[in-house]
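In: got a predicted model here, sequence first, then my questions.
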Amino acid sequence: YDGHCDLHVGITSSQGVVYNYDQEGVHRAGSGWEQCISIPLVQPDMWELLQQWDSLLEEFSLEEAWLPHRYEEQQHNCYTFALAFVNRVRQGRGRAALSKAEFTESFLLPRTREASRYLTLQQQLAHRDVYIVPLAEQEQ
């Protein structure tokens, strides 16, 4: 990723299936997302929510709002889909909905900054005569 194009966004089921929305509607993909940035949305101690996650995601993805003809590149897209699902879950738990700006600042920017630093370092090392050796387990 070079930072000059939009990223595609999806929500993952507990089984690793990525639900994502584009001009063709909602897709469920079991592969093709290997080069992604993963952003945890649920804490491990939220057992009750984790048990409902897949059914909530499936029901949400079948709503009329996510039909192909409703897609609009700037205002009703994959990001809208992901944020609307997150807000549905938050509201179901009695929490306030997040705006796009809040969601971006709280969830996306920290992970994308981290990934950007990693990619920059990797690209710099790739162009130098550097050999990286993994640490032995007891040194880590």
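Out: Here it is on my side, so go on.
In: phi and psi next, for Val130.
Out: Recorded main-chain torsions at Val130 are phi -120, psi 140, according to degrees, to the nearest 10.
In: also Ile11?
Out: Given degrees, to the nearest 10, the pair of backbone angles that Ile11 has is phi -120, psi 130.
In: kindly report the same for Asp22.
Out: With angles defined as degrees, to the nearest 10, Asp22 sits at phi -150, psi -170.
In: so it makes contact with Cys78?
Out: Yes. With contact defined as CB atoms under 8 Å, Asp22 and Cys78 form a contacting pair (6.2 Å). Every C-beta, even on glycine, is put in place using the N, C-alpha and C of the backbone.
In: neighbours of the closest residue to Leu98 other than its chain neighbours, how many?
Out: Distances taken as CB to CB, 6 or more residues apart in numbering put Asn87 closest to Leu98, at 6.1 Å, once the chain neighbours are dropped. If you count neighbours by other CB atoms under 10 Å, Asn87 ends up with 16.
In: so who does the residue nearest to His8 when sequence neighbours are not counted touch?
Out: Once flanking residues are discounted, His8 sits nearest to Cys78: 5.5 Å by CB to CB, 6+ apart. Going by CB atoms under 8 Å, 6 or more residues apart in numbering, Cys78 touches His8, Val9, Gly10, Asn20, Tyr21, Asp22.
In: and Gln74, how far is that from Ala126?
Out: 35 Å (CB to CB, to the nearest Å).
In: so what sits against both of Asp22 and Cys78?
Out: In contact with both Asp22 and Cys78: His8, using CB under 8 Å, 6+ apart.
In: list the buried ones in the strand or helix carrying the residue nearest to Leu98?
Out: Counting by DSSP states H and E, the element that carries Asn87 is helix 78-92. Across helix 78-92, burial judged by 16 or more other CB atoms under 10 Å covers Cys78, Tyr79, Thr80, Phe81, Ala82, Leu83, Ala84, Phe85, Val86, Asn87, Arg88, Val89.
In: the last one contacts Leu49, correct?
Out: Yes. The pair Val89 and Leu49 passes the contact test of CB under 8 Å, sitting 7.0 Å apart.
In: got a pLDDT number for the residue nearest to His8?
Out: Confidence at Cys78, expressed as pLDDT, is 95.
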